[in-house]
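>>> 3D model of this:
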Amino acid sequence: MTPELIAVLMFGLLVCGLFMGHPLAFVLGGTAVLTAIIAGKPMVLGIVINRIYGDVLDNYTLIAIPLFVLMARFLSDSGVTDRMFETLRLLLSRVRGGLALAVVFISILLAATTGIIGASITVMGVMALRPMLQYGYSQSLTTGVIAASGCLGILIPPSIMLILMASYSPLSVGELFAGSMIPGVLLGLSYALYVYVISVLRPDLAPAVEPDEKTSRGELMRMLVIEALPPLLLIFGILGSLLAGIATATEASAIGAALALLIVILRRKFRLGTFYGAMLETARTSAMILFIVVGATAFTGVFNITGGLRATQELIRALDMQPWMLVAVMLAIIFVLGAFLDWTGIVLLSFPIFLPIVQEMPDVSLLWFVVLMAVVLQTSFLTPPFGYALFYLRAIAPREVRTGAIIRGVLPFIVLILIMCVLVALFPSLVTWLPDVLYSN
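Next up is the predicted model:
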């Protein structure tokens, strides 16, 4: 079989497997096995197994994934988020769209302490969805802001996606964390600005809430500082040790898990049952991610050895476009894939194809491209038909909230993500400035 035919065969089998409803990890691995047999090269699978053991199971950076998942669960068990949201809700009661703004600000903080999308959306949905609907907020605005804000965790450090990206690229975790910091925070602030503007222009979508006069604003500010202090210390403990070069990503994740457990103990929330549940959830989530990593490693291994990878890269090079146009085509492919695959599969399938081509481009920063790709991947959770954020929210939303309202609610935020992509593309310093400051020496 020619390399071109192998490339078509593998992506055809991948699409068929996904539309049949099989899990991504098994579709990737099964495609690799079937292709090796059909191509008459079953010995390739031996090389692939060696790559799995050498590239995946010996990759110490990936140890940070279960540790960050464990940290997220500990922080959720501590109850910090619930108290902070209630305090911020009361503090912003006089502000138009205050409940939605509280969701955005708490989600930014959650993103900087958890990086687990399902956890962020579920926590914010349970806390904010019903109160916002009861106060008369529109279904679309309510579900849109919860779903979009909950996805910030894959862009704002410490992000599991960025850790996986670093382990499959020449970039370090610290560089990616520093490069994505400003775009991630700016994207969160753009959500807040949109919510405020739409609340002013369309008061019917976000009615005013009667302020609670029982607690003074000074007391609310004091409560907010007290509640925000533990997660802020957690953020500085993780990112500070990592960006300062004191700890590696794995060591920083261990620091984060230890600090999160300490917060649980100090807040007297520690229970053996919840501790056991946190361990089980960590094992389940980590196994899911690593199964996809193993399947993708098998897929890309067969794809590379049989010549499909080289044929695909040559096809892209043959487009003979300007570098910026080629980057735009790659990002468009990522956006389309986001409607059908989760970020893990997209990263592991696209990196071997795109990164070597980007590295050949003159005056194009690999860090800038990877962060730009991370911004685009925000949409993979929001775009139907397979946007995971839509399913998470549908599972916890009341019956009267229609699926169509959820989809309409996320559309403006998808537009904001694309606008942020344009800003990052036009102003690369949004990505490169902080890493240059921290790592220039």
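>>> give me phi/psi at V95?
Here is the backbone geometry of V95 (degrees, to the nearest 10): phi -90, psi 140.
>>> mind listing what it touches?
Residues in contact with V95 (C-beta atoms under 8 Å, 6 or more residues apart in numbering) are L101, Y196. Just so you know, the C-beta spots here come from the backbone N, C-alpha and C atoms, and that holds for glycine as well.
>>> So for I417, what's the pLDDT?
Per-residue confidence at I417 stands at 95 (pLDDT).
>>> With F105 as the reference, measure out to the nearest residue to I108 once chain neighbours are set aside.
Among residues not flanking I108 along the chain, G188 sits closest, at 4.3 Å (C-beta to C-beta, 6 or more residues apart in numbering). From G188 over to F105 the distance is 8 Å, taken as C-beta to C-beta, to the nearest Å.
>>> Tell me where the model's unsure across the stretch 101-250 of the chain.
114-119, 209-217 (pLDDT under 70).
>>> ok, which stretches of it are strands?
Counting by DSSP state E, counting those that start in this stretch, the stretch 101-250 of the chain has no strands to list.
>>> surely I198 meets G97?
Yes - shown here, I198 and G97 form a contact pair, counting by C-beta atoms under 8 Å, at 7.3 Å.
>>> what residues do these two have in common as contacts?
Shared contacts of I198 and G97, counting by C-beta under 8 Å, 6+ apart, come down to A206.
>>> So these two - more neighbours on which side?
G97 (28 against 20; other C-beta atoms under 10 Å).
>>> What count of nearby residues applies to the residue nearest to that one when sequence neighbours are not counted?
Among residues not flanking G97 along the chain, S199 sits closest, at 3.0 Å (C-beta to C-beta, 6+ apart). By other C-beta under 10 Å, 23 other residues sit near S199.
>>> In this structure S199 contacts L92, no?
No - using C-beta under 8 Å, S199 and L92 do not qualify as a contacting pair, with a distance of 11.1 Å.
>>> which stretches of the stretch 301-441 of the chain aren't confidently modelled?
Ranges of the stretch 301-441 of the chain meeting pLDDT under 70: 441.
>>> wait, what's in contact with the residue nearest the centre of the chain?
The centroid of the chain falls nearest to I154 when counting by C-alpha atoms, centre = their mean (2.0 Å). When contacts are counted by C-beta under 8 Å, 6+ apart, I154 touches G115, I117, I160, M161, L162, W343, A374, L377, Q378, F381.
>>> What about the nearest residue to the fifth one once chain neighbours are set aside, how many residues nearby?
The shortest distance from L162 to any residue that is not its chain neighbour, by C-beta to C-beta, 6+ apart, is 4.5 Å, and that residue is L176. The criterion is other C-beta under 10 Å. On that basis, L176 has 26 neighbouring residues.
>>> what's N59 sitting at in phi/psi?
phi -90, psi 100.
>>> The closest residue in space to it that isn't next to it in sequence and L426: what is the separation?
Spatial nearest neighbour of N59, excluding adjacent residues (C-beta to C-beta, 6+ apart): S167 at 5.4 Å. Using C-beta to C-beta, we find S167 at a distance of 29 Å from L426.
>>> Looking at those two, which is more packed in?
Taking neighbours as other C-beta under 10 Å, S167 and L426 compare with S167 leading, 20 against 8.
>>> quick one, what contacts the more buried one?
N59, T61, L62.
>>> now the residues you listed: which count as buried?
Buried members of the contacts of S167, counted by 16 or more other C-beta atoms under 10 Å: T61, L62.
>>> And stretch 362-370, what's buried?
In stretch 362-370, counting by 16+ other C-beta under 10 Å, buried: V364, S365, L367, W368, F369, V370.
>>> could I get the residues you listed as a markdown table with distance to R83 and secondary structure?
Compiled in a markdown table, the buried residues of stretch 362-370 are given as follows (distance: C-beta to C-beta, whole Å; DSSP: H, G, I helix; E, B strand; the rest coil):
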| residue | distance to R83 | secondary structure |
| --- | --- | --- |
| V364 | 46 | coil |
| S365 | 41 | coil |
| L367 | 37 | helix |
| W368 | 39 | helix |
| F369 | 40 | helix |
| V370 | 36 | helix |
